[in-house]
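Engineer: need a structure here:
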Amino acid sequence: MLLKIIRYAKGYIRIRITGYSTERFLNACSHRGIILWGLEPKGRAYEMNISIPGFRKLKPIIRKTGTKVSIVERFGLPFFLHKYRKRKMFFAGALLFAALIFLMSRYIWNIDIKGNLTYTDETLLKFLKTREVENGMRVSEVDCARIVKDIRKEYDDIIWVSASIQGTRLIIQVKENEDTIPAMDEAAENPDQEKPTDIVADRDCVITRIVPRNGIPMVSEGAEVKTGDVLVSGQVPVMDDAGTVIAYQYHESDADIQGRTVIEYQDEMDLGYEEKEYYYDKKTHLPLEKNEYFLKLGRYTLEFGNIRNQYRAWEMYGYEKQLCIAENFYLPISYGKKTARPYESGEIKYSKKELQQRMSRKFQQYCKDLEKKGVEIIENDVKIYTGSQKAEAKGRLTVQMPIGRQAESRLREIPVTEEQDETGE
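Structural biologist: This next block holds a predicted model:
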């Protein structure tokens, strides 16, 4: 590949050799160190490639061997430049374009955030802007390590961040944790200090099943518990032969716990909905639209057309695309289109049957979602009410469901016996 690039930069010629002594011609070229390549027979002649300096050395060889040499085609940069030597503006524009591309490659023109679910791109970009990280900044000024620290410090729910530069693109990847446990965070800060965790009730309920895997159960089946009550303790007591607690072993509690509880359900919806009737062109019978095209060059915007109109209501949609060379070389140039579609709106009222059907479908979907989470519905006391303003579904569900959440265990003090007190141990 490199050899092809060098030959193209220097230029070479495709020649055809005819005569009765073509073999002598080839031997003479080899003897004089003239390099030939791409040799192919063409009937009684031969075609081959030769460099420009080599072609200039052929005159004595042609005279001596009695062969005839003709040029088939010319290749390479020297011939290209000679062909377009009068088009100075073309080369000036090409050089200017190359210079602009090189200049723009020194800046960040696209910030791509991946893995975020809780926080939108706009939220994270707004935060980064307060840290002077935005489109248009120099690549040399981007501190990826600082970006990672700032995001981790600002957002506790984000447990992992990476930042890297590819071309003119700053790529930030994040990973969120929706079930962050404070005790686990503290243990991460102090890995040498083992801390136990308990399983506590996350709602008022009656325990119907408890199967501990790790830890000591603090309640039994049929017990009524309140929110925050300890169900399984991560502190396992160690006793001596007399049955006295002399120490505790610390564990992370684990258990399968089911409880019967009551869930309040409430949902509402409007009695009607808005129906849109779009305007149509009388001649084409197509929806009436007003379009506006725009071109953004950095912070400057050029607009073509106008979406302003005299209609009372309209909806607007559009798109914007940023120019990109290859995959990661973004440019500070984008284009797009905005479209406005006028319409008239009117309110359509649901019938009582339609309201009940819609509310029932939403409730059934709610029940299916509960079942996917392992919730068993024992009793259903939800009813639908239709008022003058809204329709409402409310009531209670008696369910059996998984109970408990992890929480940091409060360390217990080891009781001091009289014997220990006297010996000072």
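Engineer: For N135, list the residues it contacts.
Structural biologist: Applying CB atoms under 8 Å, 6 or more residues apart in numbering to N135 gives the contacts I108, W109, N110, I111, P332. Glycine gets a C-beta too; all of them are placed from N, C-alpha and C.
Engineer: isn't C144 right up against I165?
Structural biologist: Yes. Contact criterion CB atoms under 8 Å: C144 and I165 qualify, at 7.1 Å.
Engineer: spatially speaking, which residue is in the middle of this structure?
Structural biologist: Closest to where the C-alpha atoms of the chain average out (CA atoms, centre = their mean) is K114, at 2.6 Å.
Engineer: my guess is that one contacts V174, does it?
Structural biologist: Yes. The criterion here is CB under 8 Å, and K114 meets it with V174 at 7.3 Å.
Engineer: CA atoms only: put the lengthiest strand in the chain into PDB for me.
Structural biologist: Counting residues, the longest strand found in the chain (DSSP state E) is strand 329-349. The C-alpha trace of strand 329-349 is given here as PDB (Å, rounded to 0.1, in the frame of the first residue of the first chain):
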ATOM      1  CA  PHE A 329     -15.300  13.600  12.900                       C
ATOM      2  CA  TYR A 330     -18.200  16.000  13.500                       C
ATOM      3  CA  LEU A 331     -18.300  19.500  12.000                       C
ATOM      4  CA  PRO A 332     -19.900  22.700  13.500                       C
ATOM      5  CA  ILE A 333     -22.400  22.700  10.600                       C
ATOM      6  CA  SER A 334     -25.900  21.400  10.800                       C
ATOM      7  CA  TYR A 335     -29.100  21.700   8.700                       C
ATOM      8  CA  GLY A 336     -32.700  21.000   9.300                       C
ATOM      9  CA  LYS A 337     -36.300  21.700   8.600                       C
ATOM     10  CA  LYS A 338     -39.300  23.000  10.600                       C
ATOM     11  CA  THR A 339     -42.900  22.300   9.500                       C
ATOM     12  CA  ALA A 340     -46.000  23.900  10.900                       C
ATOM     13  CA  ARG A 341     -49.500  22.300  10.300                       C
ATOM     14  CA  PRO A 342     -52.500  24.400  11.300                       C
ATOM     15  CA  TYR A 343     -55.600  22.800  12.600                       C
ATOM     16  CA  GLU A 344     -58.900  23.400  14.300                       C
ATOM     17  CA  SER A 345     -59.700  21.500  17.500                       C
ATOM     18  CA  GLY A 346     -62.900  20.300  19.100                       C
ATOM     19  CA  GLU A 347     -63.600  18.400  22.300                       C
ATOM     20  CA  ILE A 348     -65.200  14.900  21.900                       C
ATOM     21  CA  LYS A 349     -67.000  13.400  25.000                       C
END
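Engineer: which is the next helix or strand following that strand?
Structural biologist: Using DSSP states H and E, the next helix or strand after strand 329-349 towards the C-terminus is helix 352-372.
Engineer: got the contact list for the helix or strand just after that following helix?
Structural biologist: With elements assigned by DSSP H and E, the helix or strand that comes after helix 352-372 is strand 376-386. The contact list for strand 376-386 (CB under 8 Å, 6+ apart) reads 260, 265, 271, 352, 355-356, 359-360, 363, 367, 370-371, 391-401.
Engineer: How about strand 376-386, which residues are buried there?
Structural biologist: Going by neighbour count (16 or more other CB atoms under 10 Å), the buried part of strand 376-386 is V382, I384.
Engineer: That one pairs with which strands, and in what direction?
Structural biologist: If you go by DSSP bridges, strand 376-386 pairs up with strand 390-402 (antiparallel).
Engineer: between the partner strand and helix 352-372, how many degrees?
Structural biologist: 20 degrees (axes from the mean of the first three to the mean of the last three CA atoms, to 10 degrees).
Engineer: Show me how far strand 390-402 is from its chain's centre.
Structural biologist: Here strand 390-402 is found 37 Å from its chain centre; the criterion is CA atoms, centre = their mean, to the nearest Å.
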